[in-house]
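**Q** build me a model:
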Amino acid sequence: MPWQTRPDTGRKSHAAPLPLASTAPTFQPLAVLAPWDHGPNSAARPCRWQKNGCPEPTAASTVKSVAVQLTILGSGSGGNCAYLETEQTRLLIDAGFSPRQIRLRLAQIGRAPENLHGILVTHEHTDHIAGLAGLAGKLGLPIYCNRATAEEVQRYHGMTFDCRLFTTGATFKIGDLVIETFSLPHDAQDPVGFVLRTPAGRIAFATDLGHFTRLVADRVRQARVLVLETNHDLRMLQECPHRPWSLKQRILSRHGHLSNEAAAEGFEQVVTEELQHLYLAHLSRDCNRPELALATLQQRIDRVGAKHVKLVVTSQDQPCAPLIL
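**A** Numbering: from 1, shown residues only. Alright, predicted model coming up:
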């Protein structure tokens, strides 16, 4: 089975610093956090499934307290946010929707922002941080990010957050989660991906990257769940009448976004028998279609004989059904 690696690279510039809530150069592990009471109304309810593979939760759907649960609350070029829950820890990965939207989407799975232990932030672009002021700022939730991202987030929102800083490439712990960070080639100050080591296996996030580096491949290869960018269909992007050529060049650059085909090539580099779930994320509204992303990745799955991998296309407009691990 042709599962192998290829080479890499990537870097960025820095803005003037702001005062941070935490000035430690590397993050210190947190104490283990106690689980919260889910209440009596946490029984799981069935979801309706759409053609793109992303299920549509009913407005009242809730889930039981489980060992490990991942829910992509939404992903696309206009907003990105995911929810991860273990027995001891509850986190958001990015907060790129309005606080109201994030609250509504959490409510669909029977959860609330007040019960979060923090928010992991990949980088400072607005489709990943739009809701931070109304969530982390208002509720006093800690934000886990590197220094360059913290400075840009605080500059954008015009306020100081409780920033728990890590150095890109570092590994730290929150409750029963071990979190690995790694650099991504994208046009932000210091963008990162995450590998979340949970009691049920590794969950990797690799979105917003212009090319699939060897470092990315090495970090995500052992994942049980991979959230991977499939931003655009190359032909649709090239023919899109709404985007200037300068923006197309940015998207196509080595620090832009992955096409469906580039994501398929990256998937082929890292797929193992351990990988069971592949989420296709960060789709462009104008320059991609769920069926195109699905077809491209399904063809690659068939080609390498990795039929054990389950594909789901994420949606910017609604959450996917919770994945229970």
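**Q** for the rest of this, base every contact and every neighbour count on C-alpha atoms.
**A** OK.
**Q** and the strands in the stretch 51-200 of the chain?
**A** 55-56, 68-76, 79-86, 90-93, 118-120, 143-145, 163-165, 171-174, 177-183, 192-198 (DSSP state E, counting those that start in this stretch).
**Q** can I get the ones you listed in CSV with distance to Arg100 and mean neighbour count?
**A** Below are the strands of the stretch 51-200 of the chain laid out as CSV (distance: least, CA to CA, whole Å; neighbours: other CA atoms under 10 Å):
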stretch, distance to Arg100, mean neighbour count
strand 55-56, 19, 20
strand 68-76, 13, 24
strand 79-86, 13, 24
strand 90-93, 15, 22
strand 118-120, 16, 23
strand 143-145, 19, 25
strand 163-165, 22, 25
strand 171-174, 26, 18
strand 177-183, 27, 21
strand 192-198, 25, 23
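**Q** confirm Leu292 sits in a helix?
**A** Yes - checked against DSSP: H, G, I helix; E, B strand; the rest coil, Leu292 lies within a helix.
**Q** which residues does it contact?
**A** Counting by CA atoms under 8 Å, 6 or more residues apart in numbering, Leu292 touches 233, 260.
**Q** wait, which of the strands of the stretch 51-200 of the chain is closest to Ser253?
**A** strand 177-183 (16.6 Å; CA to CA).
**Q** show me what that closest one is packed against.
**A** Where contact means 3 or more CA pairs under 8 Å, 6 or more residues apart in numbering; DSSP states H and E, strand 177-183 is packed against strand 171-174, strand 192-198, helix 214-220.
**Q** the closest residue to Asp317 other than its chain neighbours and Arg221: what is the separation?
**A** Taking CA to CA, 6 or more residues apart in numbering, and ignoring the residues beside it in sequence, Asp317 has Gly74 as its nearest neighbour in space, at 6.4 Å. Distance, Gly74 to Arg221, by CA to CA, to the nearest Å: 24 Å.
**Q** swap in Leu280?
**A** For Leu280 relative to Arg221 (CA to CA), the value is 16 Å.
**Q** rewinding a little: contacting residues around the residue nearest to Asp317?
**A** Applying CA under 8 Å, 6+ apart, the residues near Gly74 are 80-82, 314-320.
**Q** can you say which of the residues you listed are buried?
**A** Buried members of the contacts of Gly74, counted by 16 or more other CA atoms under 10 Å: 80-82, 314-316, 318-320.
**Q** and which of those residues is nearest Ala264?
**A** Closest to Ala264, out of all of the buried ones among the contacts of Gly74 and judged by CA to CA, is Thr314, at 15.9 Å.
**Q** how about that closest one: what's its closest non-neighbour residue?
**A** Ala281 is the one closest to Thr314 (CA to CA, 6+ apart), at 5.4 Å.
**Q** thought the one you found was touching Leu226?
**A** No - contact criterion CA atoms under 8 Å: Ala281 and Leu226 do not qualify, at 9.9 Å.
**Q** settle it for me: which of those two has more neighbours?
**A** Neighbours around Ala281 and Leu226, counted as other CA atoms under 10 Å, are more numerous at Ala281. The numbers are 29 against 25.
**Q** list the contacts for that one?
**A** Here Ala281 is in contact with 75-76, 207, 227-231, 313-315 (CA under 8 Å, 6+ apart).
**Q** so what's the residue count around Ser246?
**A** 9.
**Q** would you map the helices across the stretch 1-150 of the chain?
**A** 99-108, 126-129, 132, 138-139, 147-157 (DSSP state H, counting those that start in this stretch).
**Q** and the first one, what's buried?
**A** Read it as helix 99-108. In helix 99-108, counting by 16+ other CA under 10 Å, buried: 99, 101-108.
**Q** do the same with the last one
**A** Within helix 147-157, the residues that qualify as buried are 147-155, 157, counting by 16+ other CA under 10 Å.
**Q** give me the low-pLDDT residue ranges for the stretch 151-300 of the chain?
**A** Applying pLDDT under 70 to the stretch 151-300 of the chain flags no residue at all.
**Q** try it again at 90.
**A** 187, 210, 233-234, 237-257 (pLDDT under 90).
**Q** re earlier: any idea which of the contacts of Ala281 is closest to Ala293?
**A** Thr230 (6.6 Å).
**Q** what about that closest one, neighbour count?
**A** By other CA under 10 Å, neighbour count at Thr230 equals 34.
**Q** with Ile203 instead?
**A** Neighbourhood size, Ile203 [other CA under 10 Å]: 22.
**Q** ok, it touching Val195?
**A** Yes - applying CA under 8 Å as the test, Ile203 and Val195 come out as touching, 5.6 Å apart.
**Q** helix/strand/coil for the spatially most central residue of the chain?
**A** The centre of the chain sits closest to Phe205, judged by CA atoms, centre = their mean, with a distance of 4.8 Å. The local conformation at Phe205, judged by three-state DSSP, is strand.
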